[in-house]
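Undergrad: Structure of the sequence below:
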Amino acid sequence: MAIEKKIEDSLELELLKESTLLFVEHNQEILNEVSLFFKTYFKEVLTSSSKQGALELYNKEKTKIDIILTDLDLPNQDGLEFLTNIRAISSDIPIVLSTKNSNTEVLEKVICLKISNYILKPIKNITTIKILNQIIEENYNKKLILVQKRELELYKDILDKENLVSETDPDGIITYANDIFCEVSGYTKEELLGQPHNIVRHPDNSSKIFKNLWDTIKAGKVWKSKIKNKAKDGSSYYVKATIFPILDEAGNIKKYVSSRFLVTQDEEEKQTLKRYILQQKSQKVKFEQELENRYNDMLKEALEAKEMSITSFVSELQREIKTLRSRINDDKGRILNLEHKVSDANKKAEKDHDDFLEKLSKMRDTTRFSYERYERFKKLNESLKEKLAKAQESIKVYQEYIEEYRHKIDDLNDVIKSYEDDKKKEEEKKASKK
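TA: Here you go, the predicted model:
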């Protein structure tokens with residue numbers, strides 16, 4: 001009992017707490033005892049001791065029933081009929097059998113009804129809970145994979161509509177290009193597929209950028225940067241690129257996915273703004289120098305001539321210089337403010353894009369993890385099927401042994417009967433002689 005409790009405590013049964021079990025057992029005492037145990041693990045346990053009652057329960061509550069544990073040995077072969085009826089209603093609800101039956105013919109019919117597993121009576125509570133939990137986990141992972149595949153398809157569709165997306169093999173040869181990539185680069189899909197991705201590389205980029213890119217993604221990491229590309233017609237366009245590797249089950253890189261959004265307009269505006277700022281700074285320096293020279297020349301003349309009018313004019317000029325300097329500083333402030341706005345807009349766009357790609361990456365990792373768990377469960381299920389097949393072979397052999405022993409017992413019974421008959425006749429003869 002202590003060992004059973006220890007095993008029980010070590011189980012990870014979180015999914016059972018959110019699941020509903022339909023338990024069918026013709027023996028009312030077993031039904032009450034075992035269902036009471038199951039209720040400590042499952043969210044809800046529905047019970048029935050007959051085929052008809054179980055079918056009515058299933059039709060009424062099928063939207064919330066997650067798994068069925070049913071007695072194959074229901075009276076009048078109702079167990080097999082119940083399974084057949086359930087499979088006519090639902091082809092994917094997981095079913096586990098409990099049985100004493102070792103009839104190979106019956107078990108073969110049961111296997112054809114897509115049974116998840118079976119247990120031999122008497123029911124061992126902890127073993128049964130483990131089996132039910134494993135099947136529910138496997139079923140949950142299958143559903144999770146389907147949901148995540150649909151979500152990934154949705155995100156991929158959104159990504160395709162908003163970004164330049166391409167995929168390459170491990171050598172950088174393009175295997176996929178979406179419509180926006182074709183439109184911006186000026187190439188058709190036929191022209192891009194099978195070509196190295198550097199078909200859009202601009203010669204202005206430093207070779208160090210691409211060395212860093214390949215070193216990063218070959219190490220299984222994500223590479224992000226702004227980069228200048230060249231379209232088919234020779235024109236330039238700028239993109240904010242994110243490139244990440246896709247790994248197979250063994251952890252090897254099987255392809256690279258690149259997502260890029262255009263920043264050409266922002267980059268051109270930024271370059272225009274930089275040129276304007278430099279021009280303004282240059283003009284400011286030149287203008288201030290001219291004003292300074294004029295001021296010094298006129299001040300010198302005023303001092304030499306000692307004329308009040310000139311001195312007054314020079315003072316006015318000095319005030320004008322201060323006013324112009326103030327305006328220039330205001331212009332400088334406005335320019336800096338524009339720079340900050342452009343920078344903030346760029347940062348926000350990059351953050352939104354990075355958040356989106358991070359979510360996509362997390363979903364990709366979760367899907368891969370779920371798929372690996374599903375594959376493990378699948379292998380375990382195949383192993384159980386092999387064990388079932390071997391068990392059936394053993395049952396067949398044991399049945400042959402049993403039949404042989406039955407014949408021997410029958411022969412022995414005949415010998416005993418013959419001996420008893422002979423003995424009886426002898427006794428009758430002795431009695432008649434007296």
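
Undergrad: Counting by contacts, list what the longest strand anywhere in the chain packs against.
TA: Longest strand in the chain by number of residues (criterion: DSSP state E): strand 236-247. Contact here means 3 or more Cβ pairs under 8 Å, 6 or more residues apart in numbering; DSSP states H and E; on that basis strand 236-247 packs against helix 207-218, strand 223-230, strand 253-262, helix 264-305, helix 308-433. Every C-beta, even on glycine, is put in place using the N, C-alpha and C of the backbone.

Undergrad: Specify the residue ranges that define each domain of the protein.
TA: Domain assignment of the chain by automatic domain parsing yields the ranges 2-144, 163-262, 267-382.

Undergrad: Between those domains, which one is closest to Glu428.
TA: Closest to Glu428 of those, according to Cβ to Cβ: domain 2-144, at 45.9 Å.

Undergrad: now the closest one, how far from the centre of its chain.
TA: Domain 2-144 sits 29 Å away from the centroid of its parent chain (Cα atoms, centre = their mean, to the nearest Å).

Undergrad: Could you do stretch 146-153 as well?
TA: With Cα atoms, centre = their mean, you get 8 Å for stretch 146-153.

Undergrad: Give the residue spans of the stretch 151-300 of the chain that score low on pLDDT.
TA: Across the stretch 151-300 of the chain, the ranges flagged by pLDDT under 70 are 152, 155-156, 158-159, 264-289, 291-292, 295-300.

Undergrad: How about the stretch 1-150 of the chain?
TA: 1-12, 101-108, 111.

Undergrad: Is the closest residue to Leu16 other than its chain neighbours in a helix, a strand, or coil?
TA: Distance criterion Cβ to Cβ, 6 or more residues apart in numbering; nearest residue to Leu16, sequence neighbours excluded, is Tyr41 at 4.7 Å. For Tyr41, the assignment made with DSSP: H, G, I helix; E, B strand; the rest coil gives coil.

Undergrad: still on that earlier bit, so for Lys429, which of the domains of the chain sits nearest?
TA: Of all the domains of the chain, domain 2-144 comes closest under Cβ to Cβ, at 48.8 Å.

Undergrad: Tally up the residues packed near Ser432, please.
TA: 7 (other Cβ atoms under 10 Å).

Undergrad: Just send the domains of the chain back as a markdown table, with mean neighbour count and distance to Glu151 too.
TA: Below are those laid out as a markdown table (neighbours: other Cβ atoms under 10 Å; distance: least, Cβ to Cβ, whole Å):
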| stretch | mean neighbour count | distance to Glu151 |
| --- | --- | --- |
| domain 2-144 | 16 | 10 |
| domain 163-262 | 16 | 16 |
| domain 267-382 | 13 | 6 |
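
Undergrad: Quick check: Tyr118 vs Tyr237, distance?
TA: Separation of Tyr118 from Tyr237 (Cβ to Cβ, to the nearest Å): 63 Å.

Undergrad: what do you get for Lys351?
TA: For Lys351, the distance to Tyr237 - Cβ to Cβ - is 22 Å.

Undergrad: do Asp422 as well
TA: Taken as Cβ to Cβ, the span from Asp422 to Tyr237 is 112 Å.

Undergrad: same deal with Glu18?
TA: For Glu18, the distance to Tyr237 (Cβ to Cβ) stands at 50 Å.

Undergrad: do Glu33 as well
TA: Glu33 sits at a distance of 73 Å from Tyr237 (criterion: Cβ to Cβ).

Undergrad: before we move on, what about Val110?
TA: 64 Å.

Undergrad: nearest residue to Ile173 other than its sequence neighbours?
TA: Nearest to Ile173 is Pro196, by Cβ to Cβ, 6+ apart, at 6.0 Å.

Undergrad: how about that neighbour, phi and psi?
TA: Phi and psi for Pro196, reported as degrees, to the nearest 10, are phi -70, psi 150.

Undergrad: which residues touch it?
TA: By Cβ atoms under 8 Å, 6 or more residues apart in numbering, Pro196 lies in contact with Asp171, Gly172, Ile173, Ile174.

Undergrad: could I get these as CSV with distance to Val165?
TA: Listed next are those as CSV, based on distance: Cβ to Cβ, whole Å:
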residue, distance to Val165
Asp171, 19
Gly172, 16
Ile173, 16
Ile174, 11
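
Undergrad: Which of those residues sits closest to Ile416?
TA: For the contacts of Pro196, the minimum distance to Ile416 (Cβ to Cβ) is 84.7 Å, reached by Asp171.

Undergrad: could you list every residue that touches that closest one?
TA: Asp171 touches Pro196, counting by Cβ under 8 Å, 6+ apart.

Undergrad: Please report how far it lies from Val24.
TA: 58 Å.

Undergrad: just Glu33 next, same as before
TA: Distance from Glu33 to Val24, counting by Cβ to Cβ: 15 Å.

Undergrad: State the phi and psi torsions of Val222.
TA: According to degrees, to the nearest 10, Val222 has phi -90, psi 140.

Undergrad: Would you confirm that it contacts Ala241?
TA: No. The pair Val222 / Ala241 is not scored as a contact, 10.6 Å apart, by Cβ atoms under 8 Å.

Undergrad: Return the distance of the residue nearest to Leu16 relative to Asp66.
TA: According to Cβ to Cβ, Tyr41 stands 12 Å off from Asp66.

Undergrad: Kindly report the same for Leu22.
TA: 9 Å.

Undergrad: again with Leu357
TA: Distance of Leu357 to Asp66, given as Cβ to Cβ: 35 Å.

Undergrad: same thing with Gly220?
TA: Distance of Gly220 to Asp66, given as Cβ to Cβ: 38 Å.

Undergrad: Any chance of the backbone angles for the residue nearest to Leu16?
TA: Dihedral angles (degrees, to the nearest 10) for Tyr41: phi -110, psi -40.

Undergrad: residues contacting it?
TA: By Cβ under 8 Å, 6+ apart, the neighbours of Tyr41 are Leu13, Leu16, Lys17, Ile129.

Undergrad: Which of the three states applies to the last one?
TA: Read it as Ile129. Here Ile129 is recorded as helix under three-state DSSP.

Undergrad: I figured it hits Leu13, correct?
TA: Yes. Judged on Cβ under 8 Å, Ile129 makes contact with Leu13 at a distance of 7.1 Å.

Undergrad: Asn178 reaches Asp157, doesn't it?
TA: No. Assessed by Cβ under 8 Å, Asn178 is found out of contact with Asp157, at 10.0 Å.

Undergrad: How are the helices of the stretch 101-250 of the chain distributed by residue range?
TA: Per DSSP state H, counting those that start in this stretch, the stretch 101-250 of the chain carries helices over the ranges 104-112, 125-162, 179-185, 189-192, 207-218.
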